[in-house]
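Trainee: Pasting a predicted model and its sequence here:
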Amino acid sequence: MIQAKTKTKIPILTIAGSDCSGGAGIQADLKTFNAHNLFGMSVVLSVVAENTVRVISCFDIPTKIIDEQMLAVYEDIEPAAVKIGMLGSKEIITCVKENLLRFKAKNVVIDPVMFAKNGYALMPLENCQFFKDEILSLADVLTPNIPEAEFLCDFKILNEEDMKKAAIKLFKEGAKSVLIKGGHSKDNTNDVFYDGKEFSIFKAEKINTKNTHGTGCTLSSAIASNLALGKEKHEAIKLAKDYVYGAILNSLALGKGCGPTNHFFQYDKE
C-alpha cells in the first residue's frame, strides 16, 4: 500500500450564479481560484442558461437550498475569503446577507452583477435600492463597473473624477472600500479604488479584443483570491488586475459572440 502525500490548500468560496457556457459566474470564479492555487467551493444562487451571444433564461435557487449549501460549507471547511456575484431577487439578497452574518464571513468581495454582456438584467432594476440597503455594508471590497456604478449612484460617469465621486458615494452608503472598474471607458481601462481615506488609480491600456466574457467575475474572484492569500487590499487589487489583463490579452476565440478570457494563460504552451 502506498501512503498518500496529504496536502492542504487555502479554501475560498464563491456565492453566485452558474454560467453553463463556462466563461462567467461560478465557473469563472472556480477557474480563477484554481489559477491562484486555492481550493474553490461554491454556493449556487441561480442557474443561468447563457452563452457568448445571449442569455436565454434564469432560474433562482430556493432559499432553503441556499441556506443548506452555506451550512454545508461553513460547518466543515471555513473559507478564507468570499466572492459574491449575481443576486437575482430580494429573497436571495436577504438570504445571503443572513448567512454572511451568521457565519461571520471574512474578506467579502461583492461584485454587483446587474447586466449580462448583451444587456440582459441579471439583477432586477427594482432591487437596486434593496441591494444597497441590505448588503452593501458587508462588502470589504465592492467592485462595480461603470454602468453598475451609474445605476447604483444615479448619475452619469464620464471621466475619472466621476468615478471618484461614485466611489465616495458608495463608501458613504456602507461599502468598506470601493473599486470602480474602468473597462467601459473609451480611452483606457483605469480602475479607481477608494479605501475611505485615499484614492489609488490602477492603470491599464485597452486591449483590442471582443473576447471579454466574464472579466468582471474574474477580477472580483481574483481579488478575493489574493485576500485569501493574505495580501492587503491594495496589493490584492493590483495583482488581480494584472492577472485579468493577462487573461484578456490571451483570451479564447470560442463561441459566436464575446468569447471568454483565458484563466490559465500562465500555463499555456507556446
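Mentor: Received the coordinates, thanks. Numbers count the residues shown, from 1 in each chain.
Trainee: rest of the way, CA atoms for contacts and neighbours
Mentor: Noted.
Trainee: Can you show me the helices along this structure?
Mentor: In the chain, the segments counted as helices under DSSP state H are 25-35, 63-74, 90-102, 128-135, 146-153, 160-172, 215-228, 233-249.
Trainee: Deepest in the core, which of those helices is it.
Mentor: Compared across the helices of the chain, helix 215-228 shows the largest average neighbour count, a mean of 28 (mean count of other Cα atoms under 10 Å).
Trainee: chain center to that one: distance?
Mentor: Remark: helix 215-228 is offset 6 Å from the chain centroid, using Cα atoms, centre = their mean, to the nearest Å.
Trainee: likewise stretch 191-201?
Mentor: From the chain centre to the centre of stretch 191-201 is a distance of 18 Å (Cα atoms, centre = their mean).
Trainee: what do you get for stretch 236-245?
Mentor: Stretch 236-245 has its average C-alpha position 13 Å from the chain's average C-alpha position, going by Cα atoms, centre = their mean.
Trainee: Give me the mean pLDDT for that stretch.
Mentor: Averaging pLDDT along stretch 236-245 yields 97.
Trainee: Can you give the contact residues for that stretch?
Mentor: 202, 204, 215, 218, 219, 220, 222, 223, 224, 225, 226, 227 (Cα atoms under 8 Å, 6 or more residues apart in numbering).
Trainee: Of the residues you listed, which one scores lowest on pLDDT?
Mentor: Comparing pLDDT over the contacts of stretch 236-245, the lowest score belongs to residue 204 (84).
Trainee: what about the protein, any weak spots by pLDDT?
Mentor: For the chain, the stretches with pLDDT under 70 are 115-121, 184-186, 270.
Trainee: most remote residue from it's center?
Mentor: Here the chain reaches farthest from its C-alpha mean at residue 1, the gap being 43.6 Å by Cα atoms, centre = their mean.
Trainee: OK, contacts around it?
Mentor: Counting by Cα under 8 Å, 6+ apart, residue 1 has no contacts.
Trainee: Can you pick out the most distant pair from the contacts of stretch 236-245?
Mentor: Largest separation among those by Cα to Cα: 204 and 227, giving 21.4 Å.
Trainee: wait, which of the contacts of stretch 236-245 is closest to residue 108?
Mentor: residue 224 (7.2 Å).
Trainee: Touching, the closest one and residue 106? I think so.
Mentor: No - applying Cα atoms under 8 Å, one finds residue 224 not in contact with residue 106, separated by 10.0 Å.
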